[in-house]
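J.: Sequence first, predicted coordinates after that:
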Amino acid sequence: MAGSVAAGAGGSGGGTRRRRSRRKAPIADINMTPFIDVMLCLLIIFMVAAPLLTSGVTLDLPKTAAGAVSVNKKPLTISVKQDGQAYINDSETPEPDLLGKLKSMADNGAGLDDRIFVRGDAKANYGQIMGVMGQMSGAGYKKLALITDQKN
């Protein structure tokens, strides 16, 4: 009798033993690591891109107490640096060629009724800024606005 017990204990022929399932239960938690990685990458991209979204010409604008101007579409920006160099948006334009470029832009869709922002450096010659504005006004552009920084 002892032999039969030993044969049953070996597990070779017993029918009472169940086979274990090889499947694992699904993981119930959410893996946050990929989400955090993507968010950090986006944060870095936006931190690098945000300064590039402002106008590309670096100027020291004068400070005033005037409020911000609301616009529906991106206006044309003309910048005058301290040394008198003029820029249309971000492209350097000599002052004699300013009206020619503005007229070619008007032919491509920018009309005389569009708003034009004039940005002049605080240390720029006032006569140069007014000369640029006078040229634009003489060419028929009537919606000219001077851009300044707000006082704190």
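T.: Looks like it came in fine. Numbers count the residues shown, from 1 in each chain.
J.: Look at residue 120 and say how many residues are nearby.
T.: Residues lying near residue 120 (other CB atoms under 10 Å) number 26. C-betas here are computed from N, CA, C, even on glycine.
J.: ok, what's across the strand from it?
T.: The partner list for residue 120 in beta bridges (DSSP bridges) reads residue 80.
J.: And residue 147, by the same measure?
T.: Judged by DSSP bridges, the bridge partners of residue 147 are residue 119.
J.: Would you agree it is in contact with residue 118?
T.: Yes. Assessed by CB atoms under 8 Å, residue 147 is found in contact with residue 118 at 6.7 Å.
J.: list the residues that contact both of these two?
T.: Residues touching both residue 147 and residue 118 by CB atoms under 8 Å, 6 or more residues apart in numbering: residue 77.
J.: any idea of the mean pLDDT in stretch 134-150?
T.: Regarding stretch 134-150, the rounded mean pLDDT is 78.
J.: and the end-to-end length of it?
T.: By CA to CA, to the nearest Å, the extent of stretch 134-150 from end to end equals 25 Å.
J.: all helices of the protein, in order?
T.: Listed in chain order, the helices of the chain (DSSP state H) span 2-9, 33-53, 98-107, 126-138.
J.: Report how many residues lie close to residue 118.
T.: For residue 118, the neighbour count with other CB under 10 Å is 19.
J.: With residue 136 instead?
T.: Neighbour count for residue 136, taken as other CB under 10 Å: 21.
J.: what's the distance between it and residue 78?
T.: Distance, residue 136 to residue 78, by CB to CB, to the nearest Å: 7 Å.
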